[in-house]
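Undergrad: got a predicted structure plus its sequence, pasted below:
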Amino acid sequence: MVYQQTSRDAWRQFAADSATVDEKILAVIRAEGEATCDRIEACTGLSHQTVSGNMRHLAERTLIERTGRKAPTRKGRTQAMLWRLVKQGSLVPVARRASRAAELEEELRRVARQLEQWATEAQAGGWSTIHVAPMRREAERIYARLGRGA
């Protein structure tokens, strides 16, 4: 799947904040052994939308899982699903990985720009299309993977 540049930019801005939210969620579950979304909201002061969205991502990454049991919420509902940790550890590196991914993406863009420049210079210097085309194709392949935008 190819993501639009605006989506990539938005994710980069959100990744560090999301990692902090993830740590808060995991800290509550770690401290209590298992917790409902409602309990995590009460302990962290985070909104339901923030907690439930981040918990979905934590579950997709198999860091947490449903226990199969339910517990009451602050309002007395007993339909709240309990969650537990699957893996121990910290998510602090997530923010660093997002930062590193941004650095690598910029480096690939730099390489693509350099390939385009070499292709232009080679063509101006009289090189044949057979020599220039592979450089242009590789630059286009990089841009396609990253989402266009030199």
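TA: Ah, there it is.
Undergrad: show me where the chain dips below the pLDDT cut-off.
TA: 1-4, 7-8, 10-16, 87-98, 148-150 (pLDDT under 70).
Undergrad: okay, helices next: where are they in this protein?
TA: In the chain, the helices defined using DSSP state H lie at 5-32, 37-44, 48-60, 92-124, 129-146.
Undergrad: just those: most buried one?
TA: The highest mean neighbour count among the helices of the chain, using mean count of other Cβ atoms under 10 Å, belongs to helix 37-44: a mean of 19. To be clear about C-beta, it is placed using only N, CA and C from the backbone, and glycine gets the same treatment.
Undergrad: keeping just the C-alphas, turn that helix into PDB.
TA: Provided in PDB are the C-alpha atoms of helix 37-44 (Å, rounded to 0.1, in the frame of the first residue of the first chain):
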ATOM      1  CA  CYS A  37     -10.300   0.600  28.900                       C
ATOM      2  CA  ASP A  38     -12.400   2.500  31.400                       C
ATOM      3  CA  ARG A  39      -9.900   1.700  34.200                       C
ATOM      4  CA  ILE A  40      -7.000   2.900  32.000                       C
ATOM      5  CA  GLU A  41      -8.900   6.100  31.200                       C
ATOM      6  CA  ALA A  42      -9.500   6.700  35.000                       C
ATOM      7  CA  CYS A  43      -5.800   6.100  35.800                       C
ATOM      8  CA  THR A  44      -4.300   8.200  33.000                       C
END
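Undergrad: what helices and strands are in contact with that helix?
TA: Helix 37-44 makes packing contacts with helix 5-32, helix 48-60, strand 80-85 when contacts are defined by 3 or more Cβ pairs under 8 Å, 6 or more residues apart in numbering; DSSP states H and E.
Undergrad: got JSON lines for the helices of the chain, with distance to Met81 too?
TA: Conversion of those to JSON lines gives the following (distance: least, Cβ to Cβ, whole Å):
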{"stretch": "helix 5-32", "distance to Met81": "12"}
{"stretch": "helix 37-44", "distance to Met81": "7"}
{"stretch": "helix 48-60", "distance to Met81": "10"}
{"stretch": "helix 92-124", "distance to Met81": "24"}
{"stretch": "helix 129-146", "distance to Met81": "38"}
